[in-house]
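Student: Build me a model:
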Amino acid sequence: MNGIFFLLAAVLLLPACCTTVGAAGVFLMRPTQEPKTRRMLCGMAAGIMLAASVWSLLLPAIQRAEEGLLPAWLPPTAGLVIGAVGLLRLEQAAGTLLTGAGAGHCGRMVLAVTLHNLPEGMVVGLAAALALSGEPDAVSGALALSLGIGLQNIPEGMVIIAPLMMAGVSAARTFFISIFIALLEVAGILLGFGLGSASSTFLPVMLGFAGGAMLYVTSDEMIPETHAHGFQKQATYALLLGFITFVLMEKCV
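Tutor: Residues are numbered from 1 along each chain as shown. As a prediction, the model looks like this:
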């Protein structure tokens, strides 16, 4: 029993820790590496996020939905649309406030990537609740999901923090922002875990919700950022490398 609780603690904390690790890696960057390094980091993160949205979120959502009464495509699709459109509207509302406060594209990109951490965390929390309930293969499934999301959080954390550092934000303030972003994902994890009694019903929708939010961030923020100021080919190669890397890691797990 203690082993299960220890494993669940690792599942709950891994994604947030990976975000912090990725953010800490950016402190090794030199300003002279901008903008090429930033474009390639964005490209690699975009590739990992695309792969994670499929293998870690949408495909598991369909598999879970097959056990329910509704058509297997309906809960994941509904969650995907709600996640993408909901994040779009939320970002538009918050972006208006940021623009009024003088924040530019950098602030809006950080906001979009940060906001999708909340549904991501909820998915991990729901999966952990399923594992605690004793469902077959739930522990291994929760661990694989947490590891998959954690893997894409490492370069994602780098992409969140890099623009802030390049914009002149101090190292100390950048570090505390990264901690806040990681804590937001922890809040999502705890919220999802709290819904554990109904997790079998909510999980396919929440997986689709997180997948839709991730696809929106990738399409609307990450990929355009990689092609904004040159180095398109290098960013595309980095995207392919990120996609392939995640798929290989997912298969190894």
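Student: For residue 179, grab the count of nearby residues.
Tutor: Number of residues near residue 179 (other C-beta atoms under 10 Å) recorded here: 14. From N, CA and C alone the C-beta is placed, and that goes for glycine too.
Student: wait, isn't it in contact with residue 17?
Tutor: No - shown here, residue 179 and residue 17 do not form a contact pair, counting by C-beta atoms under 8 Å, at 11.1 Å.
Student: what ranges do the helices span in the stretch 1-150 of the chain?
Tutor: Taking DSSP state H, counting those that start in this stretch as the criterion, the stretch 1-150 of the chain carries its helices at 2-25, 36-52, 59-65, 74-100, 105-115, 117-133, 138-166.
Student: Buried residues, the fourth one. List them.
Tutor: Within helix 74-100, the residues scored as buried using 16 or more other C-beta atoms under 10 Å are 75-80, 82-84, 86-88, 90-91, 94-95, 98.
Student: which secondary structure elements does that helix contact?
Tutor: Packing partners of helix 74-100 (3 or more C-beta pairs under 8 Å, 6 or more residues apart in numbering; DSSP states H and E): helix 59-65, helix 105-115, helix 199-217.
Student: Burial-wise, tell me which of these comes out on top.
Tutor: With neighbours defined as mean count of other C-beta atoms under 10 Å, the helices and strands packed on helix 74-100 peak in mean count at helix 199-217, which reaches a mean of 26.
Student: Could you export the following helix or strand past it as PDB, CA atoms only?
Tutor: The helix or strand immediately downstream of helix 199-217 is helix 223-226, counting by DSSP states H and E. What follows is the C-alpha trace of helix 223-226 in PDB, where atoms were taken according to Å, rounded to 0.1, in the frame of the first residue of the first chain:
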ATOM      1  CA  ILE A 223       4.300  27.400 -34.500                       C
ATOM      2  CA  PRO A 224       3.700  31.000 -35.600                       C
ATOM      3  CA  GLU A 225       6.400  32.000 -33.100                       C
ATOM      4  CA  THR A 226       8.900  29.700 -34.800                       C
END
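Student: Who are the packing partners of helix 223-226?
Tutor: helix 36-52, helix 232-252.
Student: nearest to residue 13, of these?
Tutor: Of all the helices and strands packed on helix 223-226, helix 36-52 sits nearest to residue 13, with 18.2 Å by C-beta to C-beta.
Student: what's the closest one packed up against?
Tutor: For helix 36-52, the contact count by 3+ C-beta pairs under 8 Å, 6+ apart identifies helix 138-166, helix 199-217, helix 223-226, helix 232-252 as packing neighbours.
Student: Let me know which of those helices is tucked in deepest.
Tutor: helix 199-217 (a mean of 26).
Student: Which elements pack onto that one?
Tutor: With contacts defined as 3+ C-beta pairs under 8 Å, 6+ apart, helix 199-217 has these neighbours: helix 36-52, helix 59-65, helix 74-100, helix 105-115, helix 117-133.
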